[in-house]
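Participant: fold the following, please.
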Amino acid sequence: MGLFLGLHILLQRLAQERRLSDCFRPSPTTRLKLEPQFLSSLAEPLNSTATTIIVEANPRLCTMDEDRRILKIQNELVTYETFYLRLPPLAFLNCTAELSHIPESHEEASRLGLLDVIRA
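Facilitator: All right, here's what the predicted structure looks like:
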């Protein structure tokens with residue numbers, strides 16, 4: 001029980017101070033948990049200047065809460081403003097690299113997911 005509680009406190013602290021945390025620099029650690037309700041892959045290649053991310057899975061269960069709209073694509077964290085799901089292609093819109101990372105290019109079918117961020 002103590003280990004579970006300690007992990008919960010750590011995640012809350014990371015949610016509050018993610019811009020300062022070593023878990024996110026120089027690239028996000030592979031231990032970051034992704035939300036199970038949205039795991040997908042890229043439907044199209046993504047270049048480093050893109051602001052729209054086309055995905056295979058429907059993002060309808062993704063959060064729109066402030067400070068929780070973060071996707072993890074390989075070793076990059078990306079924030080999104082909203083998503084589009086009416087007609088294909090399904091997409092995240094107005095995306096930017098998070099934590100001053102240099103935006104990367106990603107191949108089609110690269111895995112991505114919604115980062116599990118606990119509300120502070």
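Participant: drop to CA atoms for contacts and neighbour counts, all remaining ones
Facilitator: Noted.
Participant: where does this structure have low pLDDT?
Facilitator: In the predicted model of the chain, residues 1-30, 99-101, 119-120 satisfy pLDDT under 70.
Participant: quick one: the strands in this protein?
Facilitator: Counting by DSSP state E, the chain has strands at residues 34-41, 53-55, 70-73, 76-79, 82-84, 90-93, 96-97, 111-115.
Participant: now tabulate these in CSV and tack on distance to C62 and mean neighbour count.
Facilitator: Formatted as CSV, the strands of the chain follow (distance: least, CA to CA, whole Å; neighbours: other CA atoms under 10 Å):
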stretch, distance to C62, mean neighbour count
strand 34-41, 7, 16
strand 53-55, 13, 22
strand 70-73, 10, 23
strand 76-79, 12, 22
strand 82-84, 9, 17
strand 90-93, 10, 20
strand 96-97, 17, 20
strand 111-115, 7, 21
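Participant: dump the ones you listed to JSON lines, plus distance to T63.
Facilitator: Compiled in JSON lines, the strands of the chain are given as follows (distance: least, CA to CA, whole Å):
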{"stretch": "strand 34-41", "distance to T63": "10"}
{"stretch": "strand 53-55", "distance to T63": "16"}
{"stretch": "strand 70-73", "distance to T63": "9"}
{"stretch": "strand 76-79", "distance to T63": "11"}
{"stretch": "strand 82-84", "distance to T63": "9"}
{"stretch": "strand 90-93", "distance to T63": "12"}
{"stretch": "strand 96-97", "distance to T63": "16"}
{"stretch": "strand 111-115", "distance to T63": "9"}
